[in-house]
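*Asks:* Here is my input; please provide its structure:
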Amino acid sequence: MALAKAALLDDLQNKNQELGKQIEICQEENKILDKMHRQGVYEVEKLTQTVRELEGAVLARGAVANAVREYEKKVQELNVNN
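*Replies:* Numbers count the residues shown, from 1 in each chain. Below is the predicted model of the structure:
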């Protein structure tokens, strides 16, 4: 009986050590995944800013194009009236 308890205790201690190692591995993997997630969030934020800047540029170019069309229209009207 005492031998069986000692064997069971030894087995439980080995399993406990193995679980401790698995916990350490999981914690390291979690750190790596956390770092990758933060990097991904940073890249998304950078891309979002780039998209905003591009949208602004497109809107500005559209405004310039509209102004040029208006100017051309006025020039044509002046040419027709003269």
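
*Asks:* From now on I want contacts and neighbour counts done on CA atoms only, so please keep to that.
*Replies:* Will do.

*Asks:* how many other residues sit next to Asp34?
*Replies:* 12 (other C-alpha atoms under 10 Å).

*Asks:* list the contacts for it?
*Replies:* Residues in contact with Asp34 (C-alpha atoms under 8 Å, 6 or more residues apart in numbering): none are found.

*Asks:* Secondary structure element for it, which one?
*Replies:* Assigned by DSSP states H and E, Asp34 belongs to helix 2-81.

*Asks:* pLDDT weak spots in the protein?
*Replies:* Along the chain, segments meeting pLDDT under 70 span 82.

*Asks:* give me that answer again for 80
*Replies:* Residues of the chain meeting the criterion pLDDT under 80: 81-82.

*Asks:* so how far is stretch 8-21 from its chain's centroid?
*Replies:* From the chain centre to the centre of stretch 8-21 is a distance of 40 Å (C-alpha atoms, centre = their mean, to the nearest Å).

*Asks:* Using CSV, list the CA coordinates for that stretch.
*Replies:* The C-alpha coordinates for stretch 8-21 follow below in CSV (Å, rounded to 0.1, in the frame of the first residue of the first chain):
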residue,chain,number,x,y,z
LEU,A,8,1.1,7.5,-7.3
LEU,A,9,2.8,10.5,-5.6
ASP,A,10,5.8,10.2,-7.9
ASP,A,11,3.5,10.1,-10.9
LEU,A,12,1.5,13.1,-9.8
GLN,A,13,4.7,15.1,-9.2
ASN,A,14,5.9,14.2,-12.7
LYS,A,15,2.6,15.3,-14.2
ASN,A,16,2.7,18.5,-12.1
GLN,A,17,6.2,19.2,-13.5
GLU,A,18,5.0,18.5,-17.1
LEU,A,19,2.0,20.8,-16.6
GLY,A,20,4.3,23.5,-15.2
LYS,A,21,6.5,23.2,-18.3
